[in-house]
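> Task: produce atomic coordinates for the following.
(chains A and B)
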Number of protein chains: 2
Amino acid sequence: MADPTRADLSERVVISVDAMGGDQGPAAVVAGIANSAQKNPKIAFIVHGPEEELGPLVARRKLSDRCEIRDVRDVVKMDDKPGNVMRHGQGTSMWSAIEAVRNGEAEVCVSCGNTGALMLLSVVRLRKLPGVNRPAIACLWPSRNPGGFNVMLDVGADISADAHDLLQYALMGMSYARNGLELERPRVGVLNLGTEDHKGRPELKEAADLIEAAAPAAQFDYVGFVEGGDIPSDRVDVIVTDGFTGNVALKTGEGTATLIRDFLKQAFKATPLSRIAALLAVTSLRRLTKRIDPRRVNGGVFLGLNGTVVKSHGSADATGVSAAIKLAFKLAESRFTERLAARVASAPAPRQDAGQQEVKSGQAG
Amino acid sequence: MADPTRADLSERVVISVDAMGGDQGPAAVVAGIANSAQKNPKIAFIVHGPEEELGPLVARRKLSDRCEIRDVRDVVKMDDKPGNVMRHGQGTSMWSAIEAVRNGEAEVCVSCGNTGALMLLSVVRLRKLPGVNRPAIACLWPSRNPGGFNVMLDVGADISADAHDLLQYALMGMSYARNGLELERPRVGVLNLGTEDHKGRPELKEAADLIEAAAPAAQFDYVGFVEGGDIPSDRVDVIVTDGFTGNVALKTGEGTATLIRDFLKQAFKATPLSRIAALLAVTSLRRLTKRIDPRRVNGGVFLGLNGTVVKSHGSADATGVSAAIKLAFKLAESRFTERLAARVASAPAPRQDAGQQEVKSGQAG
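Reported below is the predicted structural model:
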């Protein structure tokens, strides 16, 4: 919680924001903070980066009463090797932003920086939850679900995952869906080549058995294997996969959406009639564009740590940063970290009790 | 080549079509044949399935002079296990359709049936090209390229691939791009988590080295690692990946395109003004819809066999079947099978001469 001497922050949910390291620089990050601050009076910020850069930006946006600046000199660059950042990164805005969560000053950390470095620093400084082998990055995916989104994980924390890792992803993703998307009883599926039980890699079949066995106690529904085409569907809420496959799927979906958006723009410039049509349909088209805008679902969440970290796209602009902050606020408000920890703690231990279903039914985490 | 006694077929390119096994039944397949026959007088067909079903369909479409019917009783079902089909499938339309390519009556086989069974039968009956370890399925992907499409492989023939398999995919995909897309000097990339050289699985780095070394002799450009977001881009023409990842990416892209198309329809029904707009923009929108319609790029091509097999979507309708036939015709006309065989034969042998670049520079295959 916030330092009680800072009365202006003490009543609010504090989000720790790494202002540096994104492609668009600190101005875009502070603009995103300003958007969120205006929409939601319950958020306060600790912003990390060089005072001489952040000070004027914060002052210009009139955020001085909502933002505390932590003056740090160094910045993690996109091409820095994670190992180097871990050894020499104490003076960076990323390190400082994570540290504020570690020491309890802030609830959630948000950064647009280098994913690999952010993950490694988060794991080293916040440490893994008891029982978690591999932390994961979960993303939200536009879908036909009533809530409009699915959760997919892992989308790039780790390049491989065994059956027990996939079980943990299922439990963590389910907890995220419950707290982040307010789904009482999430439907969980395992991403595979096809929906038939006999398809795919052996570890996926083993994972499917483990997840199915864990479903009753953890109060979710296991829907079986799902395909790439099911990711945006209403068949499933939580899609479990390894980080390599998830990352490719995520970027493929984003790339496809962007391609179609560009084609759509071209189509409406093609003829004079279509230009008039674009004017008439402007509201509907704006709603559509918003619905498929990757910036709106900006924010991969690191799951499995003692503290929540939201990774915003490196290229995020103010809209994207604001979306990541909104997600961070929602997770902080739902006490997501504590619930997730309880959920993982109640899962069967690796490799010994796959068949055993007497999992303690704790709080719905 | 066609039996010289069938004078009506002898001047034409003969495509062997499995009329059964698709989700929409033989009527959709024969309708697709009729579309293609009308557009292209140079194609003749051998159609495989029960005479009593196909005879009336062919007669109604007035295709009797373009289609020879091979009367076979059995059908491979979508949930048949490939191994069973191999042991007991001699009487099926799928088997018969492949056999027509095997014995030289037809140039290319087209089927909407069970992918696993079609692949296994194709491998067993047509046999792998000398030097090919794993055959692959290549698909076309709508992209920003001048030609409008990229090639991706493997999209599901095999669930894994080692570095040498990925090299063969690169060579086969490059040959396909040259003959199917008419690209003189295709750009080849390896799908990975990120574009940085240090990212990803070890076999991908090894594959990248092999492919880079093979590029000069095989006359293509190696562009390095590509991400999911690059699949629809103008950075690359041939995307090399294992069958698991490729299948997930393909279906994710298709699912995303379908989702957005549905959102677009909803947007144009949202208000009276947007309904008028849809009328005004009808031509532009129809062009857009066509551009992102997965049916237009229907047809995964099996590469690495003594004979070309085009796998159409199981759910293909007449438009989809016709697209697959068009692709089959194009590949037959370019003598793709022979060129691909020459290309693969010129590649370095597995695991011994990765560093050696004195590959014979034969015809551009």
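> What ranges does the stretch 51-200 of chain A have for its helices?
A:51-60, A:82-88, A:93-102, A:115-126, A:163-180 (DSSP state H, counting those that start in this stretch).
> Tell me the helix or strand right after the helix or strand bottoming out on mean pLDDT in chain A.
One helix or strand of chain A scores below all others by mean pLDDT, DSSP states H and E: helix A:7-10, with a mean of 48. The helix or strand immediately downstream of helix A:7-10 is strand A:13-18, counting by DSSP states H and E.
> Against which helices or strands is that next one packed?
Strand A:13-18 sits against helix A:25-39, strand A:43-49, helix A:93-102, strand A:108-111, helix A:318-333, with contacts defined as 3 or more CB pairs under 8 Å, 6 or more residues apart in numbering or on different chains; DSSP states H and E. All C-beta spots, glycine's among them, are computed from the backbone N, C-alpha and C.
> Kindly present those as TSV, with separate columns for mean pLDDT, distance to B:Ile231 and mean neighbour count.
Shown next, in TSV, are those (pLDDT from 0 to 100; distance: least, CB to CB, whole Å; neighbours: other CB atoms under 10 Å in any protein chain shown):
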stretch	mean pLDDT	distance to B:Ile231	mean neighbour count
helix A:25-39	96	27	22
strand A:43-49	97	35	26
helix A:93-102	97	30	25
strand A:108-111	96	27	30
helix A:318-333	91	22	23
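> wait, which of those is closest to chain B?
Closest of those to chain B is helix A:318-333, at 15.3 Å (criterion: CB to the nearest CB).
> Identify all contacting residues around that closest one.
Applying CB atoms under 8 Å, 6 or more residues apart in numbering or on different chains, the contact partners of helix A:318-333 are A:13, A:15, A:17, A:22, A:28-29, A:31-36, A:39-40, A:42-43, A:107-110, A:112, A:140, A:179-180, A:293, A:295-299, A:301, A:308, A:310-313, A:316, A:337.
> relative to strand A:13-18, how tilted is it?
On the basis of axes from the mean of the first three to the mean of the last three CA atoms, to 10 degrees, helix A:318-333 is oriented at 130 degrees to strand A:13-18.
> Let me see the contact set for A:Leu118.
By CB under 8 Å, 6+ apart, the neighbours of A:Leu118 are A:Val76, A:Met94, A:Ile98, A:Ser111, A:Phe302, A:Val309, A:Lys311.
> Now compare those and name the two farthest from each other.
Spanning the widest gap among those are A:Val76 and A:Phe302, at 15.5 Å by CB to CB.
> helix or strand for A:Val301, which one?
For A:Val301, the element it lies in under DSSP H and E is strand A:300-303.
> name the helices or strands packed onto that strand?
Counting contacts by 3+ CB pairs under 8 Å, 6+ apart, strand A:300-303 packs against helix A:115-126, strand A:136-142, helix A:163-180, strand A:308-311.
> right, is the longest helix anywhere in chain A up against chain B?
When chain A is parsed with DSSP state H, its longest helix is helix A:243-269. Yes: contact of helix A:243-269 with chain B (CB under 8 Å from any CB of the partner chain) involves A:243-245, A:247-260, A:262-264, A:266-268.
> Separate out the buried members of those.
Among the residues of helix A:243-269 next to chain B, those buried by neighbour count (16 or more other CB atoms under 10 Å in any protein chain shown) are A:243-245, A:247-260, A:263-264, A:267-268.
> In contact with the closest residue to chain B within the stretch 51-200 of chain A, which residues?
Proximity of the stretch 51-200 of chain A to chain B (CB to the nearest CB) peaks at A:Leu193, 5.0 Å away. The contact partners of A:Leu193, by CB under 8 Å, 6+ apart, come to A:Lys199, A:Gly200, A:Glu227, B:Gly156, B:Ile159, B:Gly243, B:Phe244, B:Asn247, B:Val248.
> make it 10 Å
If a contact means CB atoms under 10 Å, 6 or more residues apart in numbering or on different chains, then A:Leu193 has A:199-201, A:204, A:225, A:227-228, B:115-116, B:155-156, B:159, B:243-244, B:246-248, B:251 as its contacts.
> For it, give its distance to A:Leu285.
For A:Leu193, the distance to A:Leu285 equals 36 Å [CB to CB, to the nearest Å].
> How about A:Phe244?
Counting by CB to CB, the gap from A:Phe244 to A:Leu285 is 36 Å.
> Give me the below-cutoff pLDDT ranges for the stretch 151-300 of chain A.
The model of the stretch 151-300 of chain A has pLDDT under 70 over residues A:291-298.
> Perfect, that will be all.
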